[in-house]
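Student: need a 3D model of the following:
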Amino acid sequence: MDRSVKVFCLSLLSIVLLAGSAQARTVNGCEIKAKTSCAGKNLSGEDLRGIVLHHSVLHHINLRNADLRGSDLRYADLRKADLRGADLRGANLKGAKLHYYTKPKKKGARQTPACAPNCKVANLNGADLTSANLTRANLTRADMTRANLTGANLTGANLTNAWLIYASLIRANLTGAIVNNALLIGANLTGANLTNVYLIADLSGATGCSTVTPSGYLNGEDCAN
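Tutor: Residues are numbered from 1 along each chain as shown. Here you go, the predicted structure:
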C-alpha cells in the first residue's frame with residue numbers, strides 16, 4: 001500500500017476514534033452513551049441536547065432544569081428521577097420507566113415503600129411517551145403540548161394544571177388520575193381509560209370523550225360542545 005494512502009487511512013481512523021470518544025462524553029461522573037448506568041448522578045442544569053441514553057439505568061438521577069431537547073431516552077429507567085423544570089421538547093421516552101421506585105428486596109427485609117417520580121413543571125412539549133409507564137407520576141403544570149402518550153400508563157398520575165393541548169392519549173390508562181384544571185384542547189382521547197378520574201378540564205375540540213361507558217372507556221366520538 002502506498003505510504004500516502006496509509007497515512008490517510010490512519011488519519012481517518014484517528015478522526016473516527018476521536019469522534020466516538022467525543023460522543024461518549026462524561027458529565028459529572030455520568031458517561032453519556034446508550035445502556036449506561038448513572039443512577040443517582042447530578043446533571044441538573046446541564047446542556048444535554050440530543051444525547052443518546054436509551055436503555056440506561058438513570059433512577060434517582062437529578063435532571064432538574066436540564067436541557068434534554070431531542071434526547072433519546074427510550075426504555076430508560078428514570079424511576080424517581082427529578083425532572084422538575086427539565087426541557088424535554090421532542091425527546092423520545094418511548095417505554096421509559098417513570099413510575100414509582102422500589103429498592104430490591106433483601107432476604108428477610110421489609111419491602112421499601114414506593115416513591116413517585118417528580119416531573120413537576122417539566123417541559124415535555126412534543127415528547128414521544130408512547131407506552132411510557134407514568135404510574136403515580138407528578139406531572140403538575142407539566143407542558144405536554146402535542147406529546148405522544150399513546151398507550152401510556154398514567155394510573156394515579158397528578159396532571160393538575162398540565163398542558164395536554166393536541167396531545168395523543170389514545171388508549172392511555174388514566175385510571176384514578178387527577179386531571180384538575182388541565183388543558184386538553186384538541187387532545188385525542190380515543191379509547192382512553194378514565195375510570196375514577198377526577199376531571200375538571202378544558203376539553204375544547206378534544207376527540208373521543210363525549211360519553212364515558214360504565215367500564216370507563218370512551219366511545220371515540222367528538223366531545224367538543
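
Student: where does pLDDT dip in this structure?
Tutor: 1-24, 100-116, 209-225 (pLDDT under 70).

Student: how far away is the residue nearest to the spatial centre of it from Leu154?
Tutor: Per CA atoms, centre = their mean, the C-alpha nearest to the average position across the chain is that of Leu93, at 4.4 Å. Here Leu93 is placed at a distance of 13 Å from Leu154 (CB to CB, to the nearest Å). From N, CA and C alone the C-beta is placed, and that goes for glycine too.

Student: okay, helices next: where are they in this protein?
Tutor: 3-23 (DSSP state H).

Student: can you map out the strands along it?
Tutor: 26-27, 30-31, 178-183, 198-202 (DSSP state E).

Student: any chance of CSV for these, columns distance to Gly50 and mean neighbour count?
Tutor: As requested, the strands of the chain are arranged in CSV below (distance: least, CB to CB, whole Å; neighbours: other CB atoms under 10 Å):
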stretch, distance to Gly50, mean neighbour count
strand 26-27, 13, 14
strand 30-31, 16, 18
strand 178-183, 28, 20
strand 198-202, 33, 15
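
Student: in a markdown table, list the ones you listed along with distance to Asn161.
Tutor: Output for these, formatted as a markdown table (distance: least, CB to CB, whole Å):
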| stretch | distance to Asn161 |
| --- | --- |
| strand 26-27 | 31 |
| strand 30-31 | 31 |
| strand 178-183 | 5 |
| strand 198-202 | 10 |
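
Student: figure out which of the ones you listed is closest to Gly85.
Tutor: Across the strands of the chain, Gly85 has its closest neighbour in strand 26-27 (17.6 Å, CB to CB).

Student: who does the closest one pair up with?
Tutor: strand 30-31 (antiparallel) (DSSP bridges).

Student: on that earlier part again, looking at the strands of the chain, spot the one closest to His59.
Tutor: So among those, strand 30-31 is nearest, using CB to CB, at 12.8 Å.

Student: what sits up against that closest one?
Tutor: In this structure, residues lying in contact with strand 30-31 by CB atoms under 8 Å, 6 or more residues apart in numbering are 24-25, 36, 38, 41, 43, 61.

Student: how far is that strand from where the chain is centred?
Tutor: Distance, stretch centre to chain centre, for strand 30-31: 20 Å (CA atoms, centre = their mean, to the nearest Å).

Student: please apply the same query to stretch 63-77.
Tutor: Chain-centre distance of stretch 63-77: 7 Å, with CA atoms, centre = their mean.
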